[in-house]
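Colleague: from the sequence below, what's the structure:
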Amino acid sequence: MVEIFLRTLPFFVIIGLGYWAGRARFFTEEATAYLTKFVFFFALSAMLFRFAATLPFAEIFNGRLIVGYLIGTLAVYALASLVAWIRGLDIPTAAVEAQCAAIGNVGFLGLPMLAMLLSEAAIGPVMLILAVDLVVFSSLIVILINGGRDGKLTVKTLRLIGFGLLKNPMIVSISAGLIWSALQIPVPGPMNDFLTILGGAATPGALFAIGASLAGKSAERVQIAGWLSFCKLIVHPACVAVALLWLVPVDTFSATVAIAAAALPVAGNVYMLAAHYGVAPHRASAAILLSTAASILTVPLIIGWLTAL
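Modeller: Got it, this is the predicted structure:
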C-alpha cells in the first residue's frame, strides 16, 4: 500500500500545485476555466478517441460490467437520496447530494491514474464506467432537477438531455472511437501521432485544472460534505464491489478497475450542474474539496487492498 501511495502521490502533487496557483492568484478563475475547456474539448477528447479507436471493440464492451456498476452506483445513489428525503430536502437538492455521493472524477483523474497503476488494460473498463456516468447519471440529475421543479417530465427536459449528450465531447469522442474500432479501420500514423501529442496534455492539464478549480471552492456545510464524501469514497466502492464480486460477477481485473474508479473523489461537473441550476452549489463545492483532500489517503488504500487480493 505504501508503494501504491507513492505512485499516486505525483498525481495529487500536481493537483496541489494547481491549488497553490489558484490560491496565489497566479492562475485566475478565468485562466482555470480556459485550461479546463482546453482539456475537456481537445486534449482529453483526443486521448479518449485514440484509446477507443485503437483497442479491439470486444475488449472494451462488457455488458456484465455495465450492469454491475449500475447496480452498485444506483445503490449509493438511492441511499444518499433516502437520507436527503429523511432530512426533508426537496427533490432537486436531494438529486445534487445523490450525484455527489455517486459520481467520481473518472475522466480527469481516474483515466490517467488507473492506466498507470493498473496498466493500459484498465482503459477499456474505465471508458465504459465514464460512459455510464455521463449518459445515465448526468441525464438522471437533469430529469430530477427539472421534474422536481415542474412536477412532471417535459419534452423540453428530454430535448435538453439529448442535446447535452450530443454536445458532450467525451461522449462524442468515445462513441466515435468505438465506431472506428468496430469498423476495424487502422489509425494512420500521422493521425495517431497527432492524437498522442494532443492527448499527452490531458493528464497534467486535467490534474492542474482540478487543483486550480478547488482553490475557488468553499468548505461550507462541512458535516453534509463529510457525509457525502464518506458515501463517495467508501460506500460507493463497497456497493460496486458487492455488485461485481457477488451479484453480477465479472473477471477479477475488470472488477478491480471498476471498484477503484468508484473510489475516486466527487467529480467537478457536479458543481457545474449545481451552479447552473442554482441548487446547493456550496454543498457540492464542499463535497468536492473534502473528498479530493481525503482521497489522497483513501484511494491508495483501496487500490492497495484490491491489488493484494
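Colleague: so where's the stretch 201-309 of the chain uncertain?
Modeller: Regions of the stretch 201-309 of the chain meeting the criterion pLDDT under 70 cover residues 218-220.
Colleague: and the helix of greatest length in the chain, what other elements does it pack with?
Modeller: In the chain, assigned by DSSP state H, the helix with the most residues is helix 281-308. If contacts are counted by 3 or more CB pairs under 8 Å, 6 or more residues apart in numbering; DSSP states H and E, helix 281-308 sits against helix 2-23, helix 91-102, helix 111-118, helix 202-214, helix 222-230, helix 252-262, helix 268-277. Heads up, the C-betas are built off the backbone N, CA and C, glycines and all.
Colleague: rerun at 6 Å
Modeller: helix 2-23, helix 91-102, helix 222-230, helix 252-262, helix 268-277 (3 or more CB pairs under 6 Å, 6 or more residues apart in numbering; DSSP states H and E).
Colleague: mean neighbour count, the ones you listed: which tops it?
Modeller: Greatest average neighbour count among the helices and strands packed on helix 281-308 goes to helix 91-102 (a mean of 26), per mean count of other CB atoms under 10 Å.
Colleague: how many degrees apart are that helix and helix 222-230 in direction?
Modeller: 50 degrees (axes from the mean of the first three to the mean of the last three CA atoms, to 10 degrees).
Colleague: related to what we said a few turns ago, so what's the gap between the longest helix of the chain and the chain middle?
Modeller: How far helix 281-308 lies from its chain's middle: 12 Å, per CA atoms, centre = their mean, to the nearest Å.
Colleague: how about it: buried residues?
Modeller: Within helix 281-308, the residues scored as buried using 16 or more other CB atoms under 10 Å are 281-296, 298-300, 302-306.
Colleague: for stretch 58-70, same thing?
Modeller: Applying 16+ other CB under 10 Å to stretch 58-70 flags 60, 62, 65, 66, 67, 68, 69, 70 as buried.
Colleague: dihedrals phi and psi, the last one?
Modeller: With angles defined as degrees, to the nearest 10, residue 70 shows backbone torsions of phi -60, psi -40.
Colleague: quick check: the gap between the spatially closest residue to it that is not a sequence neighbour and residue 68.
Modeller: Among residues not flanking residue 70 along the chain, residue 132 sits closest, at 6.3 Å (CB to CB, 6 or more residues apart in numbering). Per CB to CB, to the nearest Å, residue 132 is found 11 Å from residue 68.
Colleague: same deal with residue 176?
Modeller: Counting by CB to CB, the gap between residue 176 and residue 68 amounts to 26 Å.
Colleague: alpha carbons of whichever strand or helix holds residue 140, as PDB, please.
Modeller: When elements are assigned from DSSP states H and E, residue 140 belongs to helix 138-150. Only the C-alpha atoms of helix 138-150 are listed here, as PDB (Å, rounded to 0.1, in the frame of the first residue of the first chain):
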ATOM      1  CA  SER A 138     -25.800  13.100 -16.000                       C
ATOM      2  CA  SER A 139     -29.200  12.600 -17.600                       C
ATOM      3  CA  LEU A 140     -30.800  11.500 -14.300                       C
ATOM      4  CA  ILE A 141     -29.900  14.600 -12.400                       C
ATOM      5  CA  VAL A 142     -31.300  16.900 -15.100                       C
ATOM      6  CA  ILE A 143     -34.500  14.800 -15.100                       C
ATOM      7  CA  LEU A 144     -34.800  15.000 -11.200                       C
ATOM      8  CA  ILE A 145     -34.000  18.800 -11.000                       C
ATOM      9  CA  ASN A 146     -36.400  19.800 -13.800                       C
ATOM     10  CA  GLY A 147     -39.000  17.300 -12.900                       C
ATOM     11  CA  GLY A 148     -38.800  18.300  -9.200                       C
ATOM     12  CA  ARG A 149     -39.400  21.900 -10.200                       C
ATOM     13  CA  ASP A 150     -42.000  21.400 -12.800                       C
END
